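>>> Generate coordinates for the sequence data below:
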Amino acid sequence: MLAVGAGVTGFAVGDRVLAHEARLPGGSGFWAERVLINADHVAACPPGLDAVHAAALPVNGLTAVQALEKLDLGRGQRLLITNGGGATGALAIQLAAAKGVEVTATASAAAAERACSVWEG
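A predicted model of the protein is given here:
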């Protein structure tokens, strides 16, 4: 972050953040080195995550969060996640499990090792 507006808490100049916002005409997202964005549309970048991997979080993470919010599952309920070895599926597994949802996931043979690593943390 280069600057923080008055009244913004939880973020400071220099923080690494993630965002998926400010659609351009045609819905193509934004492509800029600097953007003005509301603080409630920003999340802290996980420590130690490089820029390439961090760039995948806003879209895949938002998709996983929105899907789980729509399902509104709680502790003890069950969920099947297809493609648990993919970026969105792997995030959905972790988010659902953190809420106490019993998760079963599928993955291709090529992604099986990655899917298993999600379970192991």
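
>>> Ala107 in helix, strand or coil?
Judged by DSSP: H, G, I helix; E, B strand; the rest coil, the three-state class of Ala107 is coil.

>>> next one: phi and psi at it?
phi -160, psi 150 (degrees, to the nearest 10).

>>> residue contacts, it?
Applying Cβ atoms under 8 Å, 6 or more residues apart in numbering, we find Ala107 in contact with 83-86, 89, 114-115. Where C-beta positions appear, they are placed from N, C-alpha and C, glycine not excepted.

>>> Serialize those to a markdown table and add fields for secondary structure, pLDDT and distance to Leu18.
Output for these, formatted as a markdown table (DSSP: H, G, I helix; E, B strand; the rest coil; pLDDT from 0 to 100; distance: Cβ to Cβ, whole Å):
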| residue | secondary structure | pLDDT | distance to Leu18 |
| --- | --- | --- | --- |
| Asn83 | coil | 91 | 22 |
| Gly84 | coil | 91 | 22 |
| Gly85 | coil | 89 | 22 |
| Gly86 | coil | 89 | 19 |
| Gly89 | helix | 92 | 19 |
| Arg114 | helix | 77 | 21 |
| Ala115 | helix | 74 | 23 |
